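[1] Sharing a model that was predicted from the sequence below.
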Amino acid sequence: MPDLRHCCLAIALTSLPALPCAVVAETADDKLLSGYSLLATTEDGATVTIGRAILSGADSDCPSFANTDGSSGTLPTQARKNPDPVHFPVTVCEAVIEQPMRITGSHRVLPGPPGKIDEIVVVGDSGCKPKDQDGCKLGGKQWPLQQISESAAKRTPSVVLHMGDYNYRGTSGHVTIAGNKRQVYDAGDNTDSVSCQLSGPYYGQNSVGSDNPDQWQNWWLDLFQPADALLQAAPWIVARGNHELCSRAGPGWFYLLDTSSDLDVVGVPQRQCPPAESEQPLLFAPPYRVDLRGLSVVVLDSANACDQGDLHQERFDGQFKQIQQLVDQAPQRGLLMLQSHRPIWAVRQADDSTAPGNTDPSGKYAIIDQTLQSAYRRYPVPRPVHLVVSGHMHRFQATGFAAHSETPYPDQLVVGNGGVDLAHNHPENPYSFPIDGLTGTGWGTSEFGFMTLSADDKTRWKGDLRDPDGNKIASCEGGVGHDKHGPCKPES
């Protein structure tokens with residue numbers, strides 16, 4: 001007799017009808033595809049941990065969560081609204097948990113709320129491009145996400161921060177609609193225009209008639225299968241990347257990973273992408289702050305922020321006005337970080353898309369992200385933020401600024417080397433030149449890996465850049481010695 005669990009999994013990945021699995025017993029172990037925990041905030045700003053389970057079948061019954069300490073009693077779960085049951089033949093069930101809990105009918109244990117924060121794992125831009133990365137073989141050197149996940153999980157982190165861009169294989173830059181090839185809206189990243197504007201109407205992968213809509217299969221292959229060890233290791237704080245725009249993998253993002261929820265205790269109604277044909281097909285999620293013991297993280301949805309122009313500038317001015325309040329009200333003790341997929345300050349090679357004046361003195365390198373820099377200048381934070389962590393650039397880069405005021409610019413880490421094909425259009429050597437009116441000093445590398453961070457009372461934070469096996473590539477330290485390497489120095 002065939003393995004019916006594998007049968008259901010194959011159906012979930014291929015969007016075929018569920019008839020062959022009709023005889024499967026209604027237990028989570030038969031249908032469970034993934035289980036994970038996300039750190040979120042309630043309508044009142046309190047931090048909560050949301051446990052989620054993904055089951056095959058768009059109409060599956062939700063399991064309950066059980067205590068792992070042997071005590072009796074279970075916690076009921078609630079199904080999230082499915083944006084597209086045809087392309088997402090899965091059910092996502094959730095509940096707010098206050099301790100590690102087991103998904104009933106399975107051996108899967110969901111990470112509970114972290115205690116005191118010891119080590120933070122940071123990973124970003126982890127999806128894969130099959131054409132450029134040898135077909136995205138699991139465990140292969142050209143796409144080491146599974147290896148990164150297992151190495152990072154062995155470190156038993158307190159919390160995981162993901163910088164966004166989870167799904168590349170399902171988010172092409174063009175789609176065919178009614179026989180015509182159309183350019184997908186990507187907040188300016190798919191155009192050479194310095195104004196970030198695309199000519200013509202808005203098109204997305206989820207437009208009616210698209211040959212490549214967002215779907216569960218790609219999310220499973222690019223994230224939930226290879227990152228399973230790290231999903232089990234600790235709760236995640238997640239940023240939305242530009243590959244999760246509503247024109248791309250946005251439907252899956254808001255179903256699977258976004259922290260809005262119809263759970264009564266959360267009180268932030270589940271967000272869903274508007275139809276691509278609507279007058280306002282974009283979605284801008286507000287910033288929020290997660291408070292833990294020794295760590296506060298302000299999460300910014302920067303998916304729609306253009307790197308080189310002022311697209312949606314008013315929107316992000318409003319976001320940073322909200323961030324001012326979130327920073328002002330954050331606990332006074334502990335590490336204070338800003339998490340954003342797009343970096344506020346980063347460096348790459350200048351090209352035809354670089355706006356005049358957005359380069360270093362040599363004209364060789366572009367300084368991005370202009371939209372976020374403008375918003376930061378207009379609404380500066382009221383107290384020091386110790387660190388900005390981002391992705392987006394498909395490599396690692398660290399930039400530091402010398403103190404210049406009562407609220408100095410924070411160090412900026414770009415951790416975009418988590419699996420996607422690496423970029424090489426960045427400074428090869430340590431750099432030091434004007435950024436946003438200040439002198440930014442830094443260093444970067446195009447090597448796969450992840451980051452580990454910890455708080456330090458004297459220098460505010462310390463960290464190590466690690467390769468997929470967990471070996472140290474560079475040592476990083478905030479608040480001290482911005483020499484020619486900036487906050488990070490490569491291992492000799």
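    Here it is on my side, so go on.
[2] Residue 41: neighbouring residues, count only.
    20 (other CB atoms under 10 Å). Every C-beta, even on glycine, is put in place using the N, C-alpha and C of the backbone.
[3] Hmm, I typed the wrong one, I wanted residue 294.
    Using other CB under 10 Å, residue 294 is surrounded by 17 other residues.
[4] residue contacts, the nearest residue to residue 144 once chain neighbours are set aside?
    Nearest non-adjacent residue to residue 144, counting by CB to CB, 6 or more residues apart in numbering: residue 468, 4.0 Å away. Counting by CB atoms under 8 Å, 6 or more residues apart in numbering, residue 468 touches 144, 147, 148, 151, 448, 449, 450.
[5] quick one: the residue nearest to the last one when sequence neighbours are not counted and residue 99, what's the gap?
    So that's residue 450. With CB to CB, 6+ apart as the criterion, residue 450 has its nearest non-adjacent residue at 4.5 Å, and that residue is residue 123. Going from residue 123 to residue 99 by CB to CB, to the nearest Å gives 25 Å.
[6] quick one: residue 314 from residue 284, how far?
    11 Å.
[7] Residue 111 now?
    29 Å.
[8] Settle it for me: which of these two has more neighbours?
    Shown here are residue 111 and residue 284; by other CB under 10 Å, residue 111 has more neighbours (26 against 16).
[9] wait, the residue nearest to residue 450 sits on residue 160?
    Yes - using CB atoms under 8 Å, residue 123 is in contact with residue 160, at 7.1 Å.
[10] okay, and the common contacts of the two?
    152, 230.
[11] Give me the three-state assignment for residue 252.
    At residue 252 the chain is in helix, as set by DSSP: H, G, I helix; E, B strand; the rest coil.
[12] quick one: contacts for it?
    83, 88, 167, 214, 215, 216, 218, 219, 244 are the contacts of residue 252 under CB under 8 Å, 6+ apart.
[13] one more time with 7 Å
    88, 167, 214, 219 (CB atoms under 7 Å, 6 or more residues apart in numbering).
[14] Quick check: it vs residue 239, distance?
    Plainly put, residue 252 is 15 Å away from residue 239 if you go by CB to CB.
[15] And for residue 450?
    Distance check for residue 450 against residue 239: by CB to CB, it reads 15 Å.
[16] And for residue 386?
    17 Å.
[17] Where does pLDDT dip in the protein?
    Within the chain, the stretches with pLDDT under 70 are 1-28, 190-200, 403-407, 457-459, 479-483.
[18] Excluding covalently adjacent residues, which one is nearest to the most centrally placed residue in it?
    Among the residues of the chain, the one closest to the centroid is residue 164, at 2.3 Å (CA atoms, centre = their mean). Distances taken as CB to CB, 6+ apart put residue 241 closest to residue 164, at 2.7 Å, once the chain neighbours are dropped.
[19] next one: residue 485
    Residue 485 sits nearest to residue 443 (CB to CB, 6+ apart), 4.4 Å away.
[20] so that neighbour bridges to which residues?
    Note on residue 443: beta-bridge partners residue 398, judged by DSSP bridges.
[21] count of residues packed around it?
    Neighbourhood size, residue 443 [other CB under 10 Å]: 25.
[22] wait, isn't it in contact with residue 487?
    No - with contact defined as CB atoms under 7 Å, residue 443 does not reach residue 487; the gap is 8.5 Å.
[23] So for those two, which residues contact both of them?
    Common neighbours of residue 443 and residue 487 (CB under 7 Å, 6+ apart) are residue 398.
[24] Can you show me the helices along the protein?
    Listed in chain order, the helices found in the chain under DSSP state H are 4-14, 28-31, 145-153, 216-219, 228-233, 250-256, 313-328, 370-378.
[25] what's the most buried one of the ones you listed?
    Highest mean neighbour count among the helices of the chain (mean count of other CB atoms under 10 Å): helix 250-256, with a mean of 26.
[26] what's the spacing between stretch 140-148 and its chain's center?
    Relative to its parent chain, stretch 140-148 has a centroid offset of 18 Å by CA atoms, centre = their mean, to the nearest Å.
[27] Run through who's touching it.
    Contacts of stretch 140-148 (CB under 7 Å, 6+ apart): 123, 126, 128, 133-134, 136-139, 226-227, 418-419, 448-450, 468-469.
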